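Q: model the structure of this input:
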Amino acid sequence: MHIDNSDSTVGVELIEGGPETLAACRARDVLMSLALPIAEVWAQVQRPNPGVRRPAAKARRLLGEPGRRYRGRDEGNMITVSTVGRQSRGYVAAMSDTSLLGRTVRLVQLSVDHAEALFPSASDPEVWRWMPRPRPGSLIETREMISQMLADRARRCFAVERLTDKAVIGSTSLYEFDLAQGRAEIGATWFDRACWGGPYNAESKLLLLAHAFDDLGLARIALRTDNLNVRSQQAMTRLGLVHEGTLRSHMVRQDGTRRDSLYYSVLVEEWPSLREKLVARVAAKFTV
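A: Sure thing, here's the model as predicted:
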């Protein structure tokens, strides 16, 4: 993690073509790292959808054609192809094909191997209070839950690793992912109770939103919460997310009652303002 006032760049040269920009390399790394076959990604970005702002043209331009290979070329004090510097007005998060790196946390691709580290927080009734998914009661159930999450092809799941001690302190996901429509949701987020009030949740949101808007070129990110979860609603309102409405009797809670789901969203044109608020929140809570 470092602070810088200039974008990191790297020369990229197609094996079968001319010079391309860092964005081309980044788009390939990002799109090919999604849990989708490249042919399916290509089909999504080619699918016509008049009248809807979507990243298809940009993704198609940056992605190139399926099967084409690329290599990076070091340009002095630059970074490698596999790690990309992302500039967010003084905040730079490094992204590789497997992780998103911030000041206090690293988001790494979730795997069943994380079950043992995540079980204590996932089995905590207070941590799991507002989660619609049944709370795992054993390590085996935690592994099964993670396997189900990973099987969802419209979801990209992360484990949250604290940088100071490499401990896995929680999980978060991009889900309902639709590249053709340029949208996704952030959710399935939980943290060990000892980490509440720290910078970890805010920075995780910052990294996911930067990944969605800056790397994937999405137009919209949504978040939803239980109508009884006032704390979550207040937090999203403070950040400036727009409350779009309520889906009545939307889901069944763990106790069998039905919940209303409040939907909030941020659009790509609103992202700079939200980014500044998240950067400030992380900085305020960050301690060495």
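
Q: could you pull out the helices for the stretch 51-200 of the chain?
A: 56-63, 115-122, 139-151, 200-210 (DSSP state H, counting those that start in this stretch).

Q: out of those, deepest packed?
A: Of all the helices of the stretch 51-200 of the chain, helix 200-210 carries the top mean neighbour count, a mean of 24, counting by mean count of other C-beta atoms under 10 Å. Using the backbone N, CA and C atoms, a C-beta is placed for each residue, glycine as well.

Q: about what we covered before: let's have the helices of the stretch 51-200 of the chain in TSV, adding distance to Arg193 and mean pLDDT.
A: Converted to TSV, those look like this (distance: least, C-beta to C-beta, whole Å; pLDDT from 0 to 100):
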stretch	distance to Arg193	mean pLDDT
helix 56-63	39	40
helix 115-122	7	98
helix 139-151	16	98
helix 200-210	12	97
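
Q: wait, which of those is closest to Gly217?
A: Across the helices of the stretch 51-200 of the chain, Gly217 has its closest neighbour in helix 56-63 (5.0 Å, C-beta to C-beta).

Q: picking up where we left off before, could the helices of the stretch 51-200 of the chain go into a markdown table alongside distance to Thr257?
A: Output for these, formatted as a markdown table (distance: least, C-beta to C-beta, whole Å):
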| stretch | distance to Thr257 |
| --- | --- |
| helix 56-63 | 41 |
| helix 115-122 | 21 |
| helix 139-151 | 21 |
| helix 200-210 | 26 |
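
Q: figure out which of those is closest to Ala159.
A: Of the helices of the stretch 51-200 of the chain, the one closest to Ala159 (C-beta to C-beta) turns out to be helix 115-122, at 7.0 Å.

Q: what packs against that closest one?
A: helix 139-151, strand 168-178, strand 183-191 (3 or more C-beta pairs under 8 Å, 6 or more residues apart in numbering; DSSP states H and E).

Q: coming back round to it: quick one: which of the helices of the stretch 51-200 of the chain is nearest Ser249?
A: Using C-beta to C-beta, those put helix 139-151 closest to Ser249, at 23.9 Å.

Q: quick revisit: the helices of the stretch 51-200 of the chain: which one's closest to Ala219?
A: That would be helix 56-63 among the helices of the stretch 51-200 of the chain, by C-beta to C-beta, at 10.7 Å.
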